[in-house]
Structures are given as structure tokens and as C-alpha cells.
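fold the following and give me the result.
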Amino acid sequence: MYRDKGGKTVNENKPYVEMLRHSSNPHTSFLSLSQTIIDQPDVTTCTKKNALQKVVEAYEEICRQPQS
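I've put the predicted structure just below:
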């Protein structure tokens, strides 16, 4: 863990959580990121599935966090 420029704690092991958490609209970012993964032409279905699972887990974690 480290602190970003704004002084917030950042977990390097959960990049999707961090990206969504620092987004101005995590819901839109989740949808955009998911669509970007799906649209990748040179990536196997298995790789897409694994990436999407991580994004979903990150989104679920963000949704469980109290709103500030």
C-alpha cells in the first residue's frame, strides 16, 4: 500500500478496485471497462472471462464501501 498524490491509501494488489474507487463515477467506469474487455479482438475468451471476473469483484467491493 502507498498514498496517492491526494493522500489516499492505494492498494497495488487491487488495481481495478483502486481505479473504480478513484473514478468520479464508478458505475459508468465499471460498464466502460467491462465493454472494453469484451471488445478486445486478440484476447481469448478465457482471458476475458478472468479479467471480467476481477472487474466484477472490484465493483462489488466498491459497492460495499460506505459512501463518503
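
residue 13: neighbour count?
Residues lying near residue 13 (other C-beta atoms under 10 Å) number 7. C-beta coordinates here come from the backbone N, C-alpha and C atoms, glycine included.

need phi/psi at residue 30.
When read as degrees, to the nearest 10, the backbone of residue 30 gives phi -60, psi -50.

I meant residue 14, not that one.
According to degrees, to the nearest 10, residue 14 has phi -130, psi 70.

what residues are up against it?
Listed by C-beta atoms under 8 Å, 6 or more residues apart in numbering, the contact set of residue 14 reads 58, 61.

I'd assumed residue 40 was in a strand, is it?
No. With DSSP: H, G, I helix; E, B strand; the rest coil as the criterion, residue 40 is coil rather than part of a strand.

verify the stated contact: it with residue 33.
No. Using C-beta atoms under 8 Å as the test, residue 40 is too far from residue 33 to be in contact (11.4 Å).

count the neighbours of the nearest residue to residue 54 once chain neighbours are set aside for me.
Once flanking residues are discounted, residue 54 sits nearest to residue 16: 5.5 Å by C-beta to C-beta, 6 or more residues apart in numbering. Per other C-beta under 10 Å, the neighbour tally for residue 16 reads 19.

which residues touch residue 16?
Residue 16 neighbours (C-beta under 8 Å, 6+ apart): 33, 54-55, 57-59.

tell me which element it is part of?
helix 15-21 (DSSP states H and E).
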